[in-house]
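Asks: quick one: sequence plus predicted model below, questions after.
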Amino acid sequence: MKTYRFSTALLSGNPSNRFPSPAKLNLFLYINGKRPDGYHELQTLFQFLDYGDWLTIDCLAQSNQIVLSPSLANLPIQDNLIYRAAKLLQKFSGCQKGAKIHLDKILPMGGGIGGGSSNAATTLLVLNKLWGINFKPSELASIGLQLGADIPIFIHGHAAFAEGVGEQLTDCLPQEKWYLVLKPHVTISTAKIFSDANLPRNTPKLTLPQLLKEPFHNDCEKIVLNHYPEVEELLNWLLQYAPARLTGTGACVFAEFEQEQQAQAIFNIKPKQYQGFIAKGVNRSPLQYKLNDI
């Protein structure tokens with residue numbers, strides 16, 4: 001299996017302009033209500049993975065252009081969260097510098113593991129330094145929140161309990177387990193899941209200590225399984241071998257293990273139609289180690 005794990009040696013040995021854009025898992029996700037503006041109130045526990053995309057970012061001091069490569073199928077560059085994050089940072093800072101950005105896309109798209117949000121956060125954090133803007137993380141999170149509810153956690157850079165629409169973050173230290181993450185050949189529409197009339201929207205709010213004592217669950221899971229039988233088939237297969245559930249609004253499902261070898265053994269027998277990877281849960285974002293190189 002080809003790996004893209006963010007080991008400390010790999011992070012320190014990479015060129016100074018190459019930055020990790022890690023995946024995340026929602027270890028649990030509860031929907032507590034719907035706000036008048038259409039957003040949902042939630043409680044979720046975020047943890048990073050030592051695995052993800054890579055962004056190579058160079059400052060263009062003599063131009064304000066944002067040059068992004070490669071182009072992704074069915075995603076115009078103007079709609080790419082990397083491009084939109086860079087343009088928003090220019091707008092709010094008044095910075096006239098530009099950037100050349102190359103994405104090594106490793107994470108599956110539409111998997112619920114935060115690939116696009118992580119890309120946007122890496123872009124904001126790195127360009128904030130390269131362009132000499134020096135916005136505080138809270139200011140970058142406010143910019144990122146305009147693009148997606150998961151972006152603030154990647155800017156925050158530490159495993160956290162999130163409330164509100166995902167922007168109210170409290171640091172925590174969940175166990176750093178090993179995870180097998182698998183995805184069927186399907187992309188989930190988050191809008192479809194959150195607009196479903198049967199989505200639970202009244203799960204009682206509990207304190208973090210209370211939630212940590214309960215079995216972890218994802219309120220979106222049943223709705224995703226109803227709409228996407230491919231995800232249900234995969235989850236049922238994985239549940240034969242380990243506790244498993246959906247992350248975010250899918251389509252990735254994950255199983256947790258105490259040891260890497262246990263995850264590898266299940267990966268080795270997975271049906272060929274599923275893509276996936278093995279990663280370690282980490283409570284500090286791998287990007288935080290690289291930001292010090294700027």
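Replies: Received it, and whenever you're ready, just let me know what you need.

Asks: CA atoms for contacts and neighbours, from now on please.
Replies: OK.

Asks: quick one: distance of stretch 148-157 to the chain centre.
Replies: Centroid separation for stretch 148-157 versus its chain: 8 Å, with CA atoms, centre = their mean, to the nearest Å.

Asks: endpoints of that stretch, how far apart?
Replies: Using CA to CA, to the nearest Å, the end-to-end distance of stretch 148-157 comes out at 16 Å.

Asks: now that stretch: mean pLDDT?
Replies: The average pLDDT within stretch 148-157 is 94.

Asks: who's in contact with that stretch?
Replies: Stretch 148-157 is contacted by residues 46, 114, 117-118, 120-122, 125, 137, 140-142, 144-145, 159-160, 165-167, 169, 284-285, 287-288 when judged by CA atoms under 8 Å, 6 or more residues apart in numbering.

Asks: give me the buried positions along stretch 134-145.
Replies: 135, 137, 140-141, 143-145 (16 or more other CA atoms under 10 Å).

Asks: SS state for Ala279?
Replies: Counting by DSSP: H, G, I helix; E, B strand; the rest coil, the backbone at Ala279 sits in strand.

Asks: doesn't Leu182 make contact with it?
Replies: No. With contact defined as CA atoms under 8 Å, Ala279 does not reach Leu182; the gap is 11.2 Å.

Asks: and the helix or strand Leu124 falls within, what does it pack against?
Replies: If you go by DSSP states H and E, Leu124 is part of helix 115-130. Here helix 115-130 touches strand 18-34, strand 40-60, helix 81-93, helix 137-145, helix 151-156, helix 286-291, going by 3 or more CA pairs under 8 Å, 6 or more residues apart in numbering; DSSP states H and E.

Asks: 6 Å instead?
Replies: If you count contacts as 3 or more CA pairs under 6 Å, 6 or more residues apart in numbering; DSSP states H and E, helix 115-130 packs onto strand 18-34, helix 81-93, helix 151-156.

Asks: the residue of the chain most remote from its centre and Gln96: what is the separation?
Replies: No residue in the chain sits farther from the centre than Gln62, which is 32.5 Å out by CA atoms, centre = their mean. Per CA to CA, Gln62 is found 8 Å from Gln96.

Asks: one more: Gln175?
Replies: To Gln96, Gln175 is 43 Å away according to CA to CA.

Asks: these two - which one has more neighbours?
Replies: For the pair Gln175 and Gln96, the greater number of neighbours falls to Gln96 (14 against 11), based on other CA atoms under 10 Å.

Asks: ok so the more buried one is a helix residue?
Replies: No. Residue state for Gln96 (three-state DSSP) corresponds to coil; a helix is not indicated.

Asks: and it, what's its pLDDT?
Replies: You'll see Gln96 listed with a pLDDT of 95.

Asks: thanks a lot, see you next time.
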